[in-house]
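*Asks:* The following block contains a protein sequence and its predicted model.
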Amino acid sequence: MKNKLSLLLSLLLPFVSLLLISSVNTMALAQESAAQSSKAQSSKAQLGERKTRRVPALRSSVYEQLSRAQTAGDAGNIAEAIEILDVVRDKESSMNGYEKSMMYNFYGFIYYNNEQLDKSIESFEQAVSQDPIPVKFEQTTLFTIAQLYMATGKFEQSITKLEEWESLNNGIIPPKNFVLKAQAHYQNKNYVESARYIELAIEGHEADGYLPDEGWLILQRAAYYEMKQPEKVKEILAKMIRLYDNPKYWIQLAGMYGELGQEKRQLAMMESAYQMGYLDTASDIFNFAQLYFYHEAPFKAAALMEQAIKNGVLEANLRNLKFLSICWTAAKEQDKAIPVLIEAAELADNGELDAQLGHLYYNNDQFDKAIIASDKAIEKGGLGNQGAVHMLLGLAHYNQKDFVLALDELAKAEQFKSSRAAAQQWARYVGTEKSDSERLEAELNSI
């Protein structure tokens, strides 16, 4: 659970790991706030709706107990840490608001380290409900709660806590708040608001002279993709390539060109990515080969597939070998298509590929092999058009002047509606040829 949470937070907000990693920052903040509260408490607050906050001191006796709890918690002694905090809480009636807030804050971190997120949130909520507490401390805790609500799928609550944070900051909203709001709205499937907030974050960051975080652009792209705005997605991907040049962005941009009907740009983008070595996965190579085939470049598709299989990028499995044979066939490279189709047919459970192999052999005038492949196709079964296979067998036997077998196969072809008419025509023709051949043979024998 903890690893899952940490992963989620790192993906959503890599720049806000602040307080969810360790409670050390809490102790530092406690020391700082305690020092500040011991100074003149009538000084004007720099942030917040309340112009001044007179914060009582954090007494050393309380601070020492909290420090002990932290030490136990950091050592993994959760039960001991909770026990120490419970002792402190027994004296809650004698504690000031700031001391109570710090105590609940430590409960929050202890529960977080023990993967009890609901209790962690509840404790942090109690921490910020105390009064008075330093503005900086309240803001830090509110942001922590917002992150935890985000991690537990309570997106509306996360947004609410962020807005409470912003109210303490005189309405000044930093990009990290916009990003977290954008994430929350995205998870809530409110993609329009998600896009609006992430754009505010990016624009504000760029206005300050900084490059937007890569994760922000990923979120922006995702929001517009869900909004079905491929043109905007294309623009964002082009920007991501300029700024971060990640190989996957080239492939994704090529996909968007395809979605926009800009197939030539799609192919050019994929070719560029391939030349730069960005297409290194089996799926990328196979998709690229399909793209070549779609653009009527079967030879390039076949060469790409063959090289990928040779290099081990693509497996020599049924799908890949079948497609490779199709590419070589379309490229009029029958001699290259046949050995590939033989290998593919051996992997197939039905006779479809054997039937295709029979056609290739027949077209190459290799009638003996065409007959063997076609017989095997019928034996394996599972044919979509068995009549066509019998037709080919009939024609192959005819070309070998084996009229009896030819007529036998044509008769079988007549039993299938799809091949009946052609089989009947060929049967009449082969019958005539058979009669002529027998008459000629009889005349020769009579001489």
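*Replies:* Structure received.
*Asks:* Helices of the stretch 151-300 of the chain, start to end?
*Replies:* 155-167, 175-187, 191-207, 214-226, 230-244, 247-259, 263-275, 282-294, 298-311 (DSSP state H, counting those that start in this stretch).
*Asks:* for these, which one sits closest to Leu444?
*Replies:* The minimum distance between Leu444 and those falls on helix 298-311, with 49.3 Å, by CB to CB. All C-beta spots, glycine's among them, are computed from the backbone N, C-alpha and C.
*Asks:* by how many degrees do that closest one and helix 263-275 diverge?
*Replies:* 30 degrees (axes from the mean of the first three to the mean of the last three CA atoms, to 10 degrees).
*Asks:* What is whatever helix or strand Glu379 lives in packed up against?
*Replies:* Element membership of Glu379 [criterion: DSSP states H and E] is helix 367-380. When contacts are defined as 3 or more CB pairs under 8 Å, 6 or more residues apart in numbering; DSSP states H and E, helix 367-380 packs onto helix 352-363, helix 386-399.
*Asks:* Can you get me a residue count around Tyr244?
*Replies:* Tyr244 is flanked by 13 other residues according to other CB atoms under 10 Å.
*Asks:* Apologies, that question was intended for Tyr274.
*Replies:* 17.
*Asks:* what's the answer for Gln266, then?
*Replies:* With other CB under 10 Å as criterion, Gln266 counts 21.
*Asks:* Which residue, other than its chain neighbours, is closest to it?
*Replies:* Tyr257 (3.9 Å; CB to CB, 6 or more residues apart in numbering).
*Asks:* I'd say the one you found and Ser272 touch.
*Replies:* No: using CB atoms under 8 Å, Tyr257 makes no contact with Ser272, being 11.7 Å away.
*Asks:* These two: which has the busier surroundings?
*Replies:* Neighbours per residue (other CB under 10 Å) separate Tyr257 from Ser272, with Tyr257 holding more: 20 against 12.
*Asks:* Look up how far Asn246 lies from the more buried one.
*Replies:* Note on Tyr257: its distance to Asn246, by CB to CB, to the nearest Å, is 17 Å.
*Asks:* do the same with Glu203
*Replies:* From Glu203 to Asn246 the distance is 22 Å (CB to CB).
*Asks:* Show me which helix runs longest in this structure.
*Replies:* Longest helix in the chain by number of residues (criterion: DSSP state H): helix 417-446.
*Asks:* Packing partners of that one?
*Replies:* Looks like helix 417-446 contacts helix 386-399, helix 403-413 (3+ CB pairs under 8 Å, 6+ apart).
*Asks:* Just the C-alphas of the longest one, formatted as PDB.
*Replies:* Coordinates of the C-alpha atoms in helix 386-399 are reproduced here as PDB (Å, rounded to 0.1, in the frame of the first residue of the first chain):
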ATOM      1  CA  GLN A 386     -12.800 -25.300 -49.300                       C
ATOM      2  CA  GLY A 387     -14.300 -25.200 -52.700                       C
ATOM      3  CA  ALA A 388     -11.600 -22.900 -54.000                       C
ATOM      4  CA  VAL A 389      -8.900 -25.400 -52.800                       C
ATOM      5  CA  HIS A 390     -10.600 -28.300 -54.700                       C
ATOM      6  CA  MET A 391     -10.700 -26.000 -57.700                       C
ATOM      7  CA  LEU A 392      -7.000 -25.300 -57.500                       C
ATOM      8  CA  LEU A 393      -6.400 -29.100 -57.100                       C
ATOM      9  CA  GLY A 394      -8.500 -29.700 -60.200                       C
ATOM     10  CA  LEU A 395      -6.500 -27.200 -62.300                       C
ATOM     11  CA  ALA A 396      -3.200 -28.400 -61.000                       C
ATOM     12  CA  HIS A 397      -4.000 -32.000 -62.000                       C
ATOM     13  CA  TYR A 398      -5.300 -30.700 -65.300                       C
ATOM     14  CA  ASN A 399      -2.000 -29.000 -66.000                       C
END
